[in-house]
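Participant: fold the following and give me the result.
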Amino acid sequence: MRKTVASYLGDFISRGSETAFAYRRGLRVVRWSYEQVATTAFQFARELETRGIGKADRVLLCAENSPQWVASFFGCILRGAIVVPLDVQSDRGFVGRVQKQVEAKLALGGALMLPMADLDLPVLRLEELGALVAHHSPAFRKISMRMTLWRSFSPQARPPNPRASASRIAICSQTSIRLSRRLSRI
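Facilitator: This next block holds a predicted model:
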């Protein structure tokens, strides 16, 4: 049994280049791998950090189902932000009332984000998420994932010593990923 939603990212990384999502964009089919979703989630968490969004801050999410939606959702979870999902067909009045009631600090929207146009807070388009977070280091993913895996699967264990050799850390990470796979089969 999983203790956190963020623990799914360990599984995403272990699946690597397997296709997680495929969707049509015009005549093309765009595919996202599990690792690409996880990497983007960690990069988006870093973007939220630079924007001053952290634990218990609310983020409106009004977009169609997409890999960017999933990555932004996990990015918010990693930062401790509360995701407030809204239907893409919500009218402007409703979205405005929700924004005021929850005191959201950021809104994420898709191509059909017209209801969000009147909000008095920053609005990010999910279609531009990859370009927006590209400058953030994916190395954050490796460090944070190791710590997340240790906390998720072994709450009493201490995180690995930062001075430990890379091979010891790799063995610990591989063991955590194997344990994650076994737990997901139960």
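Participant: who touches stretch 36-48?
Facilitator: Outside stretch 36-48, the residues that touch it by CB atoms under 8 Å, 6 or more residues apart in numbering are 9, 12-13, 20-21, 54, 59, 67-68, 70-76, 78-79, 81, 106, 129-130, 132-134, 136-138, 140-141, 144-145. Just so you know, the C-beta spots here come from the backbone N, C-alpha and C atoms, and that holds for glycine as well.
Participant: show me those residues that map onto strands.
Facilitator: Secondary-structure check on the contacts of stretch 36-48 using DSSP state E: residues within strands are 20-21, 59, 106.
Participant: okay if I get these as CSV plus distance to residue 95 and neighbour count?
Facilitator: As requested, the ones in strands among the contacts of stretch 36-48 are exported to CSV (distance: CB to CB, whole Å; neighbours: other CB atoms under 10 Å):
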residue, distance to residue 95, neighbour count
20, 29, 17
21, 26, 18
59, 13, 25
106, 14, 22
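Participant: looking at those residues, which is nearest residue 120?
Facilitator: Minimum distance to residue 120 across the ones in strands among the contacts of stretch 36-48 is 11.9 Å, recorded for residue 106 (CB to CB).
Participant: out of the contacts of stretch 36-48, which end up buried?
Facilitator: 9, 12-13, 20-21, 59, 67-68, 70-76, 78-79, 81, 106, 129-130, 132-133, 136, 140-141, 144-145 (16 or more other CB atoms under 10 Å).
Participant: domain boundaries for the chain, per the record?
Facilitator: As given by automatic domain parsing, the domain ranges for the chain are 5-133, 139-185.
Participant: distance from the longest one to the middle of the chain?
Facilitator: Relative to its parent chain, domain 5-133 has a centroid offset of 7 Å by CA atoms, centre = their mean, to the nearest Å.
Participant: ends of that domain, how far apart?
Facilitator: For domain 5-133, the first and last residues are 22 Å from each other (CA to CA, to the nearest Å).
Participant: ramachandran angles for the closest residue to residue 70 other than its chain neighbours?
Facilitator: Once its chain neighbours are removed from consideration, residue 70 has its nearest residue in residue 37; the separation is 5.7 Å (CB to CB, 6 or more residues apart in numbering). Recorded main-chain torsions at residue 37 are phi -60, psi -50, according to degrees, to the nearest 10.
Participant: what about residue 37, how many neighbours?
Facilitator: Applying other CB atoms under 10 Å, we find 21 residues neighbouring residue 37.
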